[in-house]
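Chemist: need a structure here:
(chains A and B)
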Amino acid sequence: MNANEQELQILLVEDNPADAEMTMDALRQGHLVNRVQWVKDGAEALDFLFGRGAASAAETRRLRLVLLDLRLPRVSGLEVLRALRADERTRRLPVVVLTSSHEDIDMVRAYDLGANSYMVKPVESEAFMAAVGQLGLYWMLLNRSPGETI
Amino acid sequence: MSDKALEPEVLYDAADTGIIISQVRSEAVLLKAGALQSAIFNSANFSSIATDAKGVIQIFNVGAERMLGYTASEVVNKITPADISDPHEVIARAKALSVELETPIAPGFEALVFKASRGIEDIYELTYIRKDGSRFPAVVSVTALRDEQNAIIGYLLIGTDNTARKQIEAEQQQLDQRLRDHQFYTRSLFEANIDALITTDPSGIITDVNKQMEALTGSTRDELIGAPFKNCFTDPDLAEAAIKKVLGEKQVTNYELTARSRDGKETVVSYNATTFYDRERRLQGVFAAARDVTERIHLDQALNEKNAELEAANKELEAFSYSVSHDLRAPLRAIDGFSRKLVDGYGERFDDEGRRLLQVVRDNAQRMGKLIDDLLVFSRMGRREITLQPLDMDAMVNGVADELRAAEPQRAIEFAFSPLPRAWGDAAMMRQVWVNLLGNAVKFTCRRRTAHIEVGGSAEGGELLYWVKDDGAGFDMQYADKLFGVFQRLHRQDEFEGTGVGLAISQRILHRHNGRIWGEGKPDSGATIWFALPLPSPDGHLSGGEAS
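Modeler: As a prediction, this is how the structure comes out:
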């Protein structure tokens, strides 16, 4: 394990601190990632991803997964997704929508904009932990994206 | 006797003396005239009765015999014409003449001939009575017969049978009456109509209107007749186009025009009009009926407003359920998740009661999550579009039953299926109905050592009928009306789990398929839930309502 792999691998875009904490708990429990960056809304996500704020372009390049909530203050999850797909650097970055919404319309829009997966957060905490854990296992260990050097 | 019979004598005359010839000729002339007189007198078409000065019948010709049924010998020298006339008419005539001529006239033969006796031409109608007592109307012409000193020696009464003419007159009268009746009937129909009726000639000039049209235009019938139809409306061009359209297409329906009355009141009317023809199929004009649709337009407007309100309310509801779906779940997840974290991280510091209390918190958070989920399904079932397709109900029921059995492998459940009629409907929705009904049957039989669940169906009474029967906990029929209400439950949570939404969802689905659902039960003796769907029509649509 070299130093780079210790660094940022997952970006979590989530405005609800409780959901964010549980999501990170679940990811850590699986020992799948060493570092999850949590941003609290869409605007912060865009700043982070495209270098307008704290994050650097180098960090963006090392991202392997974005977990994206849809209902976010300021800039919505779908807008973030649209921006991700419009930029050459993040066009193929796996994005998993992680939301409370069961609505067909949200699923359709998310897939139309190029989401790689859509998961409805279970209310029941065991189910939630299991679902996020499986999600991490799949995307971080089994899935392969173009340009990865692992 | 013919002219030819005289000819040889004429030839003879040419060869002999003129005197003889002239004698022969005058005799011949006399003979001829006498023959004619005799023929006239004996004409069967005229009753010729001659009397003496006192009225006693002296001559009674064949016409009289034929018309009156007497032979000449039965009346000559025996009776007067008054005896064969209607006595009431004779009396009435006597009275009338007495007044007219200002002299008393006896009701009898005198009444029949008085005018003639004074040299006044007299032709009158009279009813003759036949020998057999039957009567007929006659027109009688009376002439006084005089000698060379101008003294009256008798009277000649020439009568014709007036029956045929009377009959024609009566028929004519009847026809006139019928025509008047018919006109009255037509007029009444015209006036009784609630619509404003109008007829125009082919050029659009009004030929008739009813009272409603007068009211609509504020003008009288006389003012309207003769005026152009188009003048009654706010848009004369459109009105004229209406007449042209009727003439061109023979009829128009629901043509809307705005009538303007004299005082400026405007009324929106819907016209139905046709052309009309005479017996020879010649175009006579246009018959038009205008219905006041102001009320309907107001209702339409009100309906549109209400629809807009309803749509807004629906949007609001959608936004509400959307936010329920998102925003209510998150805190529940946190309650559950953090309670669990507490147990996981600090479990040793709690005693059993502490852990039980935390479990209660978690159970309730999860239950509320389930309630929200079910409520959302219920709301979605009302909004989702229905996709109709043929449904193999047997396969659907078998599939659902297999799933339910697999979910509870430890249970002994005996399903009994009889063949089900195929239906038309939304596959996902109808499957949801079976999941709910069979799921309930499985749930409410959980106290039975072996559960018995029957599923059946039939096509009867013009609809498709399906039922699910179980031998489970059943329910009290006095609460049957609560079976299908949202969050309505007939059992306690500690008896049977559930949110009370399943049957409400099923009912909503069936309503959207123009179907219905109902239940029968008895506490501890099981329940039967029935549902009915309309028969699919040949073109594969559900009859009536939304789903068609």
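Chemist: Residue 44 - how many residues pack around it?
Modeler: As the question left the chain open, I've gone with chain A. A:Glu44 has 21 neighbouring residues, counting by other C-beta atoms under 10 Å in any protein chain shown. Glycine gets a C-beta too; all of them are placed from N, C-alpha and C.
Chemist: my bad, the chain I had in mind was chain B
Modeler: By other C-beta under 10 Å, neighbour count at B:Ala44 equals 12.
Chemist: How confident was the prediction at the residue nearest to it when sequence neighbours are not counted?
Modeler: Spatial nearest neighbour of B:Ala44, chain neighbours left out: B:Gly63 (5.0 Å); criterion: C-beta to C-beta, 6 or more residues apart in numbering or on different chains. What the model reports as pLDDT for B:Gly63 is 89.
Chemist: Correct me if wrong: B:Ser117 contacts B:Ala144.
Modeler: Yes. With contact defined as C-beta atoms under 8 Å, B:Ser117 and B:Ala144 form a contacting pair (5.4 Å).
Chemist: what's the overlap in contacts for these two?
Modeler: B:Ile152, B:Tyr155 (C-beta atoms under 8 Å, 6 or more residues apart in numbering or on different chains).
Chemist: Compare neighbour counts for these two and give me the winner.
Modeler: B:Ala144 (20 against 14).
Chemist: pretty sure the more buried one belongs to a strand, no?
Modeler: Yes. Assessed with DSSP: H, G, I helix; E, B strand; the rest coil, B:Ala144 lies in a strand.
Chemist: Who are the contact partners of it?
Modeler: Taking C-beta under 8 Å, 6+ apart, we find B:Ala144 in contact with B:Val113, B:Ala116, B:Ser117, B:Gly119, B:Ile152, B:Gly154, B:Tyr155.
Chemist: looking at chain B, which helix or strand is least sure?
Modeler: helix B:3-15 (a mean of 46; mean pLDDT, DSSP states H and E).
Chemist: how would you label the closest residue to B:Lys166 other than its chain neighbours: helix, strand or coil?
Modeler: In space, and not counting its chain neighbours, B:Lys166 is closest to B:Pro137: 4.8 Å by C-beta to C-beta, 6+ apart. Following three-state DSSP, we place B:Pro137 in the strand state.
Chemist: For the residue nearest to B:Ala44, I want the exact helix or strand it lies within.
Modeler: Taking DSSP states H and E as the criterion, B:Gly63 maps to helix B:62-68.
Chemist: on that earlier part again, for the residue nearest to B:Lys166, give its distance to B:Met67.
Modeler: Between B:Pro137 and B:Met67 the distance is 11 Å, computed by C-beta to C-beta, to the nearest Å.
Chemist: ok, and for stretch B:351-363, which residues are buried?
Modeler: Of the residues in stretch B:351-363, B:Leu358, B:Arg362 count as buried by neighbour count, 16 or more other C-beta atoms under 10 Å in any protein chain shown.
Chemist: same thing with stretch B:508-516?
Modeler: Within stretch B:508-516, the residues that count as buried by 16+ other C-beta under 10 Å are B:Arg508, B:Ile509, B:Leu510, B:His511, B:Arg512, B:His513, B:Asn514, B:Gly515.
Chemist: how close does the second one sit to B:Arg431?
Modeler: So the one you mean is B:Ile509. Separation of B:Ile509 from B:Arg431 (C-beta to C-beta): 10 Å.
Chemist: same check, this time on the third one
Modeler: B:Leu510 is 13 Å from B:Arg431, where distance means C-beta to C-beta.
Chemist: now swap in the fourth one and tell me
Modeler: Using C-beta to C-beta, we find B:His511 at a distance of 17 Å from B:Arg431.
Chemist: check contacts around B:Glu495.
Modeler: B:Ala473.
Chemist: cool, the one 10 residues further on as well?
Modeler: In this structure, B:Ile505 makes contact with B:Asp374, B:Val377, B:Phe378, B:Met381, B:Gln432, B:Asn436, judged by C-beta under 8 Å, 6+ apart.
Chemist: just these that are near chain A?
Modeler: With C-beta under 8 Å from any C-beta of the partner chain as the criterion, no member of the contacts of B:Ile505 is in contact with chain A.
Chemist: Which ones among those residues map onto strands?
Modeler: Applying DSSP state E to the contacts of B:Ile505, no entry is found in strands.
Chemist: could I get the residues you listed as TSV with neighbour count and pLDDT?
Modeler: Converted to TSV, the contacts of B:Ile505 look like this (neighbours: other C-beta atoms under 10 Å in any protein chain shown; pLDDT from 0 to 100):
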residue	neighbour count	pLDDT
B:Asp374	19	82
B:Val377	18	81
B:Phe378	20	81
B:Met381	22	80
B:Gln432	19	92
B:Asn436	21	94
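Chemist: Redo those as a markdown table? Include distance to A:Glu79.
Modeler: Compiled in a markdown table, the contacts of B:Ile505 are given as follows (distance: C-beta to C-beta, whole Å):
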| residue | distance to A:Glu79 |
| --- | --- |
| B:Asp374 | 32 |
| B:Val377 | 29 |
| B:Phe378 | 31 |
| B:Met381 | 31 |
| B:Gln432 | 34 |
| B:Asn436 | 39 |
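Chemist: Remind me what the strand or helix carrying A:Asp47 packs against, helices and strands.
Modeler: Secondary structure assignment for A:Asp47, by DSSP H and E: helix A:42-49. Secondary-structure packing of helix A:42-49 (3 or more C-beta pairs under 8 Å, 6 or more residues apart in numbering or on different chains; DSSP states H and E): strand A:10-13, strand A:36-39, helix A:57-62, helix A:77-86.
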